[in-house]
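Asker: just coords:
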């Protein structure tokens, strides 16, 4: 059996395959507009999913979790805001259950979480403006 090595001149192009190297980044940025409070709360709601993905060895999930914890530290949250975030998102309690543990009502827990999410979003907004790997797009008027 004779085989002939084809040169570029002899080769026939059958088709091309396009690989979208940035698809995951765009999907992440669309789902989690981290420069606004709603995007931050969406990410916090998906915290268990990122922990599971990290445990499976997914490097990107580990990066997301590390950045989230860094943003929380840098956001200058009050102790009550940190506690509300921890109970609701990291310990998976309802706002009512968290409120009982904290000695406040559900509305107070909701307010604490909203204020905390605003502060965390400010950190991501800063990072986006300084080329730290995040983009803006979810923030309206500022």
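Answerer: Received it, and whenever you're ready, just let me know what you need. The shown structure was predicted, so the numbers you read here are calculated from the model rather than taken from an experiment.
Asker: where does the protein have its least confident helix or strand?
Answerer: helix 23-31 (a mean of 64; mean pLDDT, DSSP states H and E).
Asker: packing partners of whichever helix or strand comes after it?
Answerer: Counting by DSSP states H and E, the next helix or strand C-terminal to helix 23-31 is helix 37-45. For helix 37-45, the packing partners by 3 or more CB pairs under 8 Å, 6 or more residues apart in numbering; DSSP states H and E come out as helix 59-74, helix 106-129. No exception for glycine: its C-beta is placed from N, CA and C like everyone else's.
Asker: would you mark the buried spots in the helix or strand following the first one?
Answerer: When you say that, I think you mean helix 59-74. Following helix 59-74 in sequence order, the next helix or strand is helix 79-85 (DSSP H and E). Using 16 or more other CB atoms under 10 Å as the test for burial, helix 79-85 gives 80-81, 83-85.
Asker: tell me the one of those residues nearest residue 109?
Answerer: For the buried residues of helix 79-85, the residue nearest residue 109 by CB to CB is residue 84; the value is 5.2 Å.
Asker: how about the nearest residue to residue 124, chain neighbours excluded?
Answerer: Counting by CB to CB, 6 or more residues apart in numbering, residue 34 is the residue found nearest to residue 124 once chain neighbours are left out, at 3.9 Å.
Asker: do the same with residue 84
Answerer: Nearest one to residue 84, counting by CB to CB, 6+ apart, is residue 112 at 4.0 Å.
Asker: could I get the average pLDDT for stretch 92-99?
Answerer: Averaging pLDDT along stretch 92-99 gives 97.
Asker: what comes up buried for it?
Answerer: 93, 95, 98-99.
Asker: next one, pLDDT for the spatially most central residue of the chain please.
Answerer: In the chain, the residue lying closest to the centroid (CA atoms, centre = their mean) is residue 43, at 4.7 Å. Looking at residue 43, its pLDDT reads 94.
Asker: the nearest residue in space to it that is not next to it in sequence: how many residues sit nearby?
Answerer: Take residue 43 and drop its neighbours on the chain: the residue closest to it by CB to CB, 6+ apart is residue 32, 4.7 Å away. Residue 32 has 22 neighbours, counted by other CB atoms under 10 Å.
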